[in-house]
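Asker: any chance you can model this:
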Amino acid sequence: MADCLQKPDPATLAADIPSDDSDVILVVEGRPIHAHRQILSVASPVFRAMFSHDFKERQETSIDLPDKKHDDVIELLRWIYPTSRRNLTDKAVYRLLPLVDEYQIEWLKVYCEEYLLQAIVAKENQGFSPAEYFLKHLYIADRHSLQNLSKLAIELCKTIPTRTIEETPSFSQLDDHRRWMLMRLRATHLEEKQGRLAREIRSLAALVPSVMSIQTDIPSRCPLCTASKFLSAGNHDSNTSQDKRRPLACPSCKNKYERIVEKVKSDL
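Answerer: As a prediction, the model looks like this:
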């Protein structure tokens, strides 16, 4: 009874010795993988059609899967068989996505995209931002129609220096339209950044007269600062603009000055 309930471990599906209840053999790179039609059909509409309609595979017990890698198919089966799933890795996702697309396993495609989104966010939060990593995942997103991953990768890529983007190998893998769009978004990002800097400069320029009037007003009420200005000025008129801009002499005036400057900044 226990043997009947026991499900095969996909890690051993590639073995030459078949499972007792397997009813189909997938041949990949000349190596047999013993599997089950029902499980494959539930997971993939492509397999379901293959086993249900007038395909030659319906009658055959051995099905050749050309242009596939043995380890990639084993990785796919580990996820199709529910008792054999394990944690995803970047390498596993790169193996899975082409097969997931071909066999239309949508739930696994969504899972792979969620993993990549979390991986990129984690890298970005750690300050890890090489252009190759982000551009590579933009290429993967475009190739497999992963819309959320594409949006995130673009947001990160547009902050990378233009020359760095152009010199990154994955950039050349993008199609012409994507490269053009990325450069356009990069230019827009730089224009917005330039606009923010211009506004900050104007704000600082507007701050200067207020700061100067504060600095000249405080010493007029402080004997120490007034004496310091008089001595440093020599025989010059203490009301000259050059004299008024001399540093404050006492710590108390300096502290008052700094506090008022911060208030003026916050009011701008």
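Asker: M50: neighbour count?
Answerer: 20 (other Cβ atoms under 10 Å). C-beta: built from backbone N, CA, C; applies to glycine.
Asker: quick check: next helix or strand after the helix or strand encompassing C112?
Answerer: Here C112, judged by DSSP states H and E, is contained in helix 106-125. Next in sequence after helix 106-125, counting helices and strands by DSSP H and E, comes helix 131-143.
Asker: so which bits of that following helix are buried?
Answerer: By neighbour count on 16 or more other Cβ atoms under 10 Å, the buried set for helix 131-143 is 131, 133-142.
Asker: low pLDDT regions in the stretch 51-200 of the chain?
Answerer: 53-59, 84, 124-129 (pLDDT under 70).
Asker: ok so, going back, okay, the angle between the helix holding C112 and helix 131-143?
Answerer: 160 degrees (axes from the mean of the first three to the mean of the last three Cα atoms, to 10 degrees).
Asker: helix 106-125 packs against which elements?
Answerer: helix 90-102, helix 131-143, helix 147-157 (3 or more Cβ pairs under 8 Å, 6 or more residues apart in numbering; DSSP states H and E).
Asker: I'd like those as TSV, with distance to V28 appended.
Answerer: Shown next, in TSV, are these (distance: least, Cβ to Cβ, whole Å):
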stretch	distance to V28
helix 90-102	11
helix 131-143	22
helix 147-157	28
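Asker: among the ones you listed, which comes closest to L117?
Answerer: Of all the helices and strands packed on helix 106-125, helix 147-157 sits nearest to L117, with 5.9 Å by Cβ to Cβ.
Asker: buried residues in the closest one?
Answerer: 149-150, 152-154, 156-157.
Asker: do the same with stretch 36-50
Answerer: 36-37, 39-41, 43-44, 47-48, 50.
Asker: what's in contact with it?
Answerer: 21-24, 51-52, 55, 57-58, 63, 80-81, 102-105 (Cβ atoms under 8 Å, 6 or more residues apart in numbering).
Asker: just the buried ones among these, please.
Answerer: 22, 24, 51, 57, 63, 80-81, 103, 105.
Asker: would CSV of these with distance to K193 and secondary structure be doable?
Answerer: Below are the buried ones among the contacts of stretch 36-50 laid out as CSV (distance: Cβ to Cβ, whole Å; DSSP: H, G, I helix; E, B strand; the rest coil):
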residue, distance to K193, secondary structure
S22, 60, coil
V24, 58, strand
F51, 56, helix
E57, 57, helix
I63, 56, strand
I80, 47, helix
Y81, 50, coil
Y103, 44, coil
I105, 42, coil
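Asker: now those residues as JSON lines including distance to T162?
Answerer: JSON lines is the format used below for the buried ones among the contacts of stretch 36-50 (distance: Cβ to Cβ, whole Å):
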{"residue": "S22", "distance to T162": "55"}
{"residue": "V24", "distance to T162": "52"}
{"residue": "F51", "distance to T162": "52"}
{"residue": "E57", "distance to T162": "50"}
{"residue": "I63", "distance to T162": "49"}
{"residue": "I80", "distance to T162": "43"}
{"residue": "Y81", "distance to T162": "47"}
{"residue": "Y103", "distance to T162": "39"}
{"residue": "I105", "distance to T162": "38"}
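Asker: can I get stretch 71-86 as PDB, trimmed to CA atoms?
Answerer: Only the C-alpha atoms of stretch 71-86 are listed here, as PDB (Å, rounded to 0.1, in the frame of the first residue of the first chain):
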ATOM      1  CA  ASP A  71      19.100  19.200 -16.800                       C
ATOM      2  CA  ASP A  72      16.600  21.900 -17.800                       C
ATOM      3  CA  VAL A  73      13.800  19.400 -18.300                       C
ATOM      4  CA  ILE A  74      14.600  17.800 -14.900                       C
ATOM      5  CA  GLU A  75      14.400  21.300 -13.300                       C
ATOM      6  CA  LEU A  76      11.000  21.700 -14.900                       C
ATOM      7  CA  LEU A  77       9.700  18.400 -13.600                       C
ATOM      8  CA  ARG A  78      10.900  19.300 -10.100                       C
ATOM      9  CA  TRP A  79       8.300  22.100 -10.200                       C
ATOM     10  CA  ILE A  80       5.600  20.100 -12.100                       C
ATOM     11  CA  TYR A  81       5.600  17.400  -9.500                       C
ATOM     12  CA  PRO A  82       4.200  19.100  -6.300                       C
ATOM     13  CA  THR A  83       6.100  17.000  -3.800                       C
ATOM     14  CA  SER A  84       9.500  17.800  -5.300                       C
ATOM     15  CA  ARG A  85       9.600  21.600  -5.400                       C
ATOM     16  CA  ARG A  86      12.600  23.500  -3.900                       C
END
